[in-house]
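Asks: no sequence on this one, just coordinates:
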């Protein structure tokens, strides 16, 4: 695995986004709360900025108004010329790119954390791109150590083309998934867990900014290698459901020949792959439409090099 | 408690409706499956008719398109004259009333069961009107005895005005709620449970039609006496969430002084009532919009008289 080098300066321009999907309510209500009470996001060396990423979708409690905002941060969308009848999320993606980016530029925010919920039994899961910064991996490790009661897995997501998510706009970005939580529901337990994880991620940035060194470590990570659709009728309708033996078993090993679907007619559909895999986002509500019953991942042990301390001249100037 | 008299003839016109709310997927997919394979709803004396009640809302996986279909079976809506720009659900309510009713008439279906899911931890819950038929109470009892692994409560719902739900159109109607299941998700366990409960309800009708007598019994039922809204900011936004000690505790006793909400500021909100109550539909996604964090009920022990057998002349003619 190759990692991008660690930042050479303190991370001062930091954003925490919620409501990128308007029916994933932990992020929606945390963002709204922080917009009223921003002091919760302050640390000695910086203040993270709260962002309600898709206010229109949040207002109607839907994932999006016209198209998925979290698939809209592509060069095509971001460089497109505004038109009066374009989808709301295209306009909003351009606005956010102006604010937090421009994507890929030196003016981009140092760090963005984007908050999501899933209906799948994922626990906490940090999603970052496969060739992310060594800084991001150390933050993941820090969150794992701070959150021992809640499993906190790391999913290195490799898109088939360019990156497209909100967090890809900043110099270092990651998404935090937390589940299970139904769409349109705010659970106290998930809300507290997400709030604590955000606080820990800001604490980690503060430690780094203050010149803390972090030693090398080994870590289990998950990498995607495919997707599985539901069984369907000839007309394209669902012909079955995620098998009860697979439901809620995100991140657990699935062996070839194990049941993955139960048809409405009663028969089982077995996993046809030739190797153990680790399904995630099992039965996520938002993925029925995009023909994903789950995402296939492999589990890899990886070595992360040490994160060197910032030069003291930089930390003393804070 | 007063009960309407038992039917004097076999119940031959029976309907099972799903997708009255288009994002409650057990009913949506059961209805679609039965429309392809109706033999599952056949019994020797009758064939129940499957109905996808709100096909347009089901197609887009939303509760409704323009307005809640399950609040639309009122005399005002049903007697209204069609207009070109009326809400879709008004048109659909009139259609269903023509098919299954007319509501309150002798031509109405003998029995309708309407299938719902909730995000609340309700288990199985049968909802019927407070002064329902003694037949409905015997069916509830039968379902409880058939479904010993899954709690199956009976909620006698007293609306503040006239009845408005789809099941109110038939001579005898009830709704089956099953949860927890997120909106837009189909879980194998809930799907199987609902399918089994529908099968048992049809079996019960068959037993009745064949002339079976059912003895009197005592039963716990829940009756609504109010609702509780979330705590809100001055602007009307949520100021807190269902307390972790209340979340998932549907049908459990709640004592005066017990915590019911946790404010985002950290404080608890306590239940101010002066008597024990039994909250249900706790944190149901669809009720945020209608300002209900939960519905307050009281638990009552009630006596249900025997259900006499149909005269043998009627059962022999089947």
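Replies: Yep, it's here. Please read these numbers as outputs of a predicted model, since none were measured by experiment.
Asks: The residue located most distally from the centre of chain A in helix, strand or coil?
Replies: Computed with C-alpha atoms, centre = their mean, the residue of chain A farthest from its C-alpha average is residue A:265, at 36.1 Å. What DSSP: H, G, I helix; E, B strand; the rest coil gives for residue A:265 is coil.
Asks: go on, residue A:314?
Replies: Secondary structure, three-state DSSP: residue A:314 is helix.
Asks: Settle this for me: it is touching residue A:10, isn't it.
Replies: Yes. Counting by C-beta atoms under 8 Å, residue A:314 does reach residue A:10; the two are 6.1 Å apart. (Each C-beta comes from the backbone N, C-alpha and C, glycine too.)
Asks: the more surrounded of these two?
Replies: The residue with more neighbours, out of residue A:314 and residue A:10, is residue A:10; 20 against 14, by other C-beta atoms under 10 Å in any protein chain shown.
Asks: how close does the closest residue to chain B within the stretch 201-318 of chain A get to residue A:22?
Replies: Across the stretch 201-318 of chain A, the shortest distance to chain B (C-beta to the nearest C-beta) belongs to residue A:285, at 3.7 Å. Applying C-beta to C-beta, to the nearest Å, the value for residue A:285 to residue A:22 is 13 Å.
Asks: what separates residue A:119 from residue B:81, distance-wise?
Replies: 42 Å.
Asks: And residue A:50, by the same measure?
Replies: 50 Å.
Asks: Those two - which one has more neighbours?
Replies: The residue with more neighbours, out of residue A:50 and residue B:81, is residue A:50; 21 against 6, by other C-beta under 10 Å.
Asks: Okay, and the more buried one sits in which element?
Replies: If you go by DSSP states H and E, residue A:50 is part of strand A:49-52.
Asks: What residues does chain A have near chain B?
Replies: With the criterion set to C-beta under 8 Å from any C-beta of the partner chain, chain A comes near chain B through A:29, A:32-33, A:36-37, A:61, A:119, A:180, A:182-189, A:191-192, A:233, A:237-238, A:241-244, A:247, A:262, A:264-265, A:283-286, A:288-289.
Asks: Can you list the low-confidence ranges for chain A?
Replies: Low-confidence segments of chain A (pLDDT under 70): A:316-318.
Asks: Just the strands from it, written as ranges.
Replies: A:14-18, A:42-43, A:46-47, A:49-52, A:111-117, A:123-129, A:152-157, A:172-179, A:217-228, A:240-242, A:259-263, A:268-270, A:278-280, A:294-304 (DSSP state E).
Asks: As TSV, these with distance to residue B:254 would be great.
Replies: Below are the strands of chain A laid out as TSV (distance: least, C-beta to C-beta, whole Å):
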stretch	distance to residue B:254
strand A:14-18	31
strand A:42-43	38
strand A:46-47	41
strand A:49-52	33
strand A:111-117	27
strand A:123-129	29
strand A:152-157	33
strand A:172-179	27
strand A:217-228	41
strand A:240-242	34
strand A:259-263	37
strand A:268-270	42
strand A:278-280	37
strand A:294-304	38
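Asks: what's the offset of the biggest helix by length in chain A from the middle of its chain?
Replies: Ranked by residue count, the top helix of chain A under DSSP state H comes out as helix A:188-209. Relative to the centre of its chain, helix A:188-209 is centred 14 Å away, using C-alpha atoms, centre = their mean, to the nearest Å.
Asks: could you give the angle of it to strand A:123-129?
Replies: With axes from the mean of the first three to the mean of the last three C-alpha atoms, to 10 degrees as the basis, helix A:188-209 and strand A:123-129 are set at 40 degrees to each other.
Asks: In chain A, which residue is most central in space?
Replies: Nearest residue to the geometric centre of chain A (C-alpha atoms, centre = their mean): residue A:175, 2.4 Å.
Asks: Go through stretch A:53-66 and flag the buried ones.
Replies: A:53, A:54, A:56, A:57, A:58, A:61, A:62, A:63, A:64, A:65 (16 or more other C-beta atoms under 10 Å in any protein chain shown).
Asks: thought the third one was touching residue A:95?
Replies: When you say that, I think you mean residue A:56. No. Assessed by C-beta under 8 Å, residue A:56 is found out of contact with residue A:95, at 11.8 Å.
Asks: so how far is chain B from the spatially closest residue to residue A:2 that is not a sequence neighbour?
Replies: Nearest non-adjacent residue to residue A:2, counting by C-beta to C-beta, 6 or more residues apart in numbering or on different chains: residue A:131, 5.8 Å away. For residue A:131, the distance to chain B equals 33 Å [C-beta to the nearest C-beta, to the nearest Å].
Asks: Could I get the phi/psi values of residue A:131?
Replies: Torsion angles at residue A:131 (phi, psi; degrees, to the nearest 10) stand at phi -100, psi 60.
Asks: That one - how many residues pack around it?
Replies: Using other C-beta under 10 Å: residue A:131 sits among 11 other residues.
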